[in-house]
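# have a look at this prediction, sequence included:
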Amino acid sequence: MKLLQSLLLFTFTMIASLIAFTYTAIHFPTTMRELLSGAQHVRDQMQSLYLPDNFMVWVDIFLQPNQIVLVGISIAMRFVIGIIGSFVSRNRTPKPTPRSDPASNAGTNPAFGRWG
């Protein structure tokens, strides 16, 4: 159940990140251009390190400016969802049940009555 919940939360985060990315591009194009130019600057700084070609080919493939911005928005969205989730789960925490001595419970369950 925990795995399914984690997968659903990850999927929700990715969809919300794509929606935020698209919303920013449509309604705030200047901000999106600034984010993309900042990501291009990061990529240029990586390329100026003169790393070997077997490493730089992966930088060229995976570090496109739009991918860097999308990953940044995904991380920010994960923080936002985590903060909202912490407020929601604080209100839904179950009350702790009182624990009793196992010897006193030995008679209540006959299957485990001989254990203690």
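Sure thing, it's come through. All values derive from a computational prediction rather than experimental measurement.
# could you point out the helix or strand that follows the helix or strand of the chain with the lowest mean pLDDT?
Ranked by mean pLDDT, DSSP states H and E, the weakest helix or strand in the chain is helix 53-62, scoring a mean of 88. Following helix 53-62 in sequence order, the next helix or strand is helix 65-91 (DSSP states H and E).
# just the angle between that following helix and helix 53-62, please?
Helix 65-91 and helix 53-62 meet at an angle of 70 degrees, taking axes from the mean of the first three to the mean of the last three C-alpha atoms, to 10 degrees as the criterion.
# excluding its backbone neighbours, what's nearest the residue nearest the centre of the chain?
Centre of the chain computed as the mean C-alpha position; nearest residue by C-alpha atoms, centre = their mean is Arg78, 4.3 Å away. Closest residue to Arg78 apart from its sequence neighbours, by C-beta to C-beta, 6 or more residues apart in numbering: Thr13 at 5.4 Å. C-betas here are computed from N, CA, C, even on glycine.
# could you report the neighbour count for that neighbour?
When counting by other C-beta atoms under 10 Å, one arrives at 17 neighbours for Thr13.
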